[in-house]
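Asker: Just the structure for this:
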Amino acid sequence: MKENNYKPQIPDVMEAIFDTVYLLFDLVAAILFFIFSQGNVLFILYGILTLTLCGGDAFHLVPRIIRAVHGSNDKIKRQLGIGLQISSITMTVFYIILMYIWKFTFTELKIPVIIEAVIWISAIVRIVICMFPQNNWCTDEGNMKLSVIRNAVFAVTGIGVIILYLISGNTYGYHMTRMVAAIIISFGCYLPVTLFSKTKPKVGLLMIPKTCAYMWVIAMGLQLLF
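Answerer: This next block holds a predicted model:
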């Protein structure tokens, strides 16, 4: 139950501010993509990508913001669990969209069939695994075995997208190899959190650079737009 005398600590306030700024950044960026796309499929895709990121993360960040300000209770814990499940699925969709962004950014390059197949198959497998009730999303214990499996599959999806942006390199002078760095940073921070944050809460701090890496991905799209 929520404590009546709960008072948010400075780290709680800072987390709430950071999460709010992140969600607002994504929302504003999505609006800009749609407004200034002028029918360009690439920037419409960037808008969809950003909304997917913002919408999915909102399901678990909004409860985190509420928890940081008002304290925790059983309802918040359940919302956090469901939110993590939803964001795990939308994050997988995020990488599928990122693959299509690559296609429309580098129209003269052809995506290797094997890479596209690996991205699609691993993404679908991860989404299916995320749907299993055995994940125990709403419990403190979770399911370590399924966590390892679904995130190992997710890493395969990420590696597939990384290979695409390595293939394109600096084509057109876009310097989109930065996308490789952003994805590596996001996975390097995300995987330890999903695997160890329940037993070592301080590992959760890695979500800050992970979130910044996703903001960087969106910023690259805005740079192309303007």
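
Asker: contacts, neighbours, all on C-alpha from now
Answerer: Will do.

Asker: what about the helices in the chain?
Answerer: Along the chain, the stretches classed as helices by DSSP state H are 10-36, 41-70, 74-105, 113-131, 144-168, 178-196, 207-225.

Asker: what sits against the residue nearest to Ile65 when sequence neighbours are not counted?
Answerer: Counting by Cα to Cα, 6 or more residues apart in numbering, Ile65 lies nearest to Ala16, which is 4.7 Å off, once chain neighbours are set aside. Ala16 sits next to 64-66, 68-69 when contact means Cα atoms under 8 Å, 6 or more residues apart in numbering.

Asker: Quick check, Thr139 in contact with Gly81.
Answerer: Yes. Using Cα atoms under 8 Å, Thr139 and Gly81 qualify as a contacting pair, with a distance of 7.2 Å.

Asker: out of those two, which sits in the busier spot?
Answerer: In this comparison of Thr139 against Gly81, neighbours counted by other Cα atoms under 10 Å, the higher total goes to Gly81 at 21 against 12.

Asker: Let me know which of the helices of the chain is tucked in deepest.
Answerer: Mean neighbour count, computed with mean count of other Cα atoms under 10 Å, is highest for helix 41-70 among the helices of the chain, reaching a mean of 21.

Asker: re the thing from before, make TSV out of the contacts of Ala16 and add distance to Tyr214 and pLDDT.
Answerer: What follows is these, written out as TSV (distance: Cα to Cα, whole Å; pLDDT from 0 to 100):
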residue	distance to Tyr214	pLDDT
Arg64	19	91
Ile65	19	93
Ile66	23	92
Ala68	22	88
Val69	25	87
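
Asker: And the contacts of the helix or strand of the chain with the lowest mean pLDDT?
Answerer: Scoring the helices and strands of the chain by mean pLDDT, DSSP states H and E places helix 178-196 at the bottom, with a mean of 90. Counting by Cα under 8 Å, 6+ apart, the neighbours of helix 178-196 from elsewhere in the structure are 144, 147-148, 151, 155, 158, 162, 165-166, 203-204, 206-207, 209-211, 213-214, 216-217.

Asker: Tell me how many other residues surround Pro112.
Answerer: That count, for Pro112 with other Cα under 10 Å as the rule, works out to 11.

Asker: so what's the backbone phi/psi at it?
Answerer: phi -60, psi 130 (degrees, to the nearest 10).

Asker: returning to that earlier point: okay, the residue nearest to Ile65: pLDDT?
Answerer: The predicted local confidence for Ala16 comes out at a pLDDT of 92.

Asker: Look up how far Gly55 lies from it.
Answerer: Here the distance between Ala16 and Gly55 works out to 17 Å (Cα to Cα, to the nearest Å).

Asker: Next: Val113.
Answerer: When distance is defined by Cα to Cα, Val113 is 30 Å away from Gly55.

Asker: now swap in Gly83 and tell me
Answerer: For Gly83, the distance to Gly55 - Cα to Cα - is 10 Å.

Asker: Extract the CA atoms of the least confident helix or strand of the chain and return them as CSV.
Answerer: Below are the C-alpha coordinates for helix 178-196, written out as CSV (Å, rounded to 0.1, in the frame of the first residue of the first chain):
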residue,chain,number,x,y,z
ARG,A,178,26.4,7.0,-36.0
MET,A,179,23.3,4.8,-35.9
VAL,A,180,25.6,1.9,-35.3
ALA,A,181,27.0,3.6,-32.2
ALA,A,182,23.6,4.5,-30.9
ILE,A,183,22.2,1.0,-31.2
ILE,A,184,25.3,-0.5,-29.6
ILE,A,185,25.0,1.9,-26.7
SER,A,186,21.3,1.2,-26.3
PHE,A,187,21.8,-2.5,-26.2
GLY,A,188,24.9,-2.3,-24.0
CYS,A,189,22.9,-0.5,-21.4
TYR,A,190,19.5,-2.2,-21.9
LEU,A,191,20.5,-5.8,-21.6
PRO,A,192,22.2,-5.6,-18.2
VAL,A,193,19.2,-3.7,-16.8
THR,A,194,16.7,-6.4,-18.0
LEU,A,195,18.9,-9.2,-16.6
PHE,A,196,20.1,-7.8,-13.3
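
Asker: Good, wrapping up.
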